[in-house]
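Participant: Fold the following for me, if possible:
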Amino acid sequence: ADEENEAGASAPRTSTWHLMKVLGPYFWPTGLCNRIRALSTWLCVGASKLSNIMAPLFLGQAVNKLQDGHVDFKPIIFYALLGFTNVLFKQLQNIIYLGVKQTAYAQISENTFSHLHQLSLEWHLKKKMGNVLRSMDRGVNSANTVVSYLFLYLVPCVVECVVVFAIFYTKYNEPALSVIAFFGISGYAISTVTITLWRKKFRKAT
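Facilitator: Residues are numbered from 1 along each chain as shown. As a prediction, the model looks like this:
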């Protein structure tokens, strides 16, 4: 364990460009069918977020009509359809992403294994191959985790928040509401990261 920690501490930092090259199979894998699946995944993410943003606007129209004393079923129907569309595209995203994840997992594993075989005999003699293979497997799993949480959840969520801030400011002419929402989201993000790092110290201690 001490040797692994020392190796991790002395390992060079990976640049952002090199990280994106490693994660490339999740965005543009080999093979036409695999690329169509990858593009379909990101299209489903965008469609799901767009439906989630548009649905409350139609709900607001329906509520405004109720204040005028009559029921307008058109915005209610659109609200229900957009809510269904949001869930539908989320499920399609999960289903399509399974194939993307499996293809990317195999491609990254193959690239890593190929790089491992290109290293010198001296390098292999100095290293414990059991630790190397275990680290390689963890790295491939970590790549999937980064793409899943960062690009499928966090980045789309941030973009959705920015669009909502813009809607508050432009459509409803409420800059104060945009500022309140911005600081609320920012405070939540900062507190989440701070608490997570604080808990990480206790996990390392155990």
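Participant: contacts and neighbour counts: CA atoms only from here.
Facilitator: Will do.
Participant: For Asn52, the count of nearby residues, please.
Facilitator: Neighbourhood size, Asn52 [other C-alpha atoms under 10 Å]: 19.
Participant: give the contact list for it.
Facilitator: Contacts for Asn52 were tallied using C-alpha atoms under 8 Å, 6 or more residues apart in numbering; they are Leu82, Gly83, Asn86.
Participant: Which of those sits closest to Leu39?
Facilitator: Nearest to Leu39 among the contacts of Asn52, counting by C-alpha to C-alpha, is Asn86 at 17.9 Å.
Participant: Following the chain past the helix or strand encompassing Thr103, name the next helix or strand.
Facilitator: Taking DSSP states H and E as the criterion, the element that holds Thr103 is helix 73-118. Scanning forward in sequence from helix 73-118 by DSSP H and E, the next helix or strand is helix 121-126.
Participant: The residue lying closest to Trp28 once chain neighbours are set aside and Ile96, how far apart?
Facilitator: With C-alpha to C-alpha, 6 or more residues apart in numbering as the criterion, Trp28 has its nearest non-adjacent residue at 5.7 Å, and that residue is Arg35. Arg35 sits 11 Å away from Ile96, going by C-alpha to C-alpha, to the nearest Å.
Participant: Show the subsequent helix or strand relative to the helix-or-strand element of the chain with minimal mean pLDDT.
Facilitator: Averaged element by element with mean pLDDT, DSSP states H and E, the chain has its least confident helix or strand at helix 2-10 (a mean of 46). If you walk from helix 2-10 toward the C-terminus, the next helix or strand you reach (DSSP H and E) is helix 16-22.
Participant: CA atoms of that next one as PDB?
Facilitator: Written as PDB, here are the backbone C-alpha positions of helix 16-22 (Å, rounded to 0.1, in the frame of the first residue of the first chain):
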ATOM      1  CA  THR A  16      -6.500  18.200 -19.900                       C
ATOM      2  CA  TRP A  17      -5.800  17.500 -23.500                       C
ATOM      3  CA  HIS A  18      -4.300  14.100 -22.800                       C
ATOM      4  CA  LEU A  19      -7.400  13.300 -20.500                       C
ATOM      5  CA  MET A  20      -9.700  14.200 -23.400                       C
ATOM      6  CA  LYS A  21      -7.800  11.900 -25.700                       C
ATOM      7  CA  VAL A  22      -8.200   9.100 -23.300                       C
END
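Participant: What are the buried residues along that helix?
Facilitator: Judged by neighbour count (16 or more other C-alpha atoms under 10 Å), helix 16-22 contains these buried residues: Val22.
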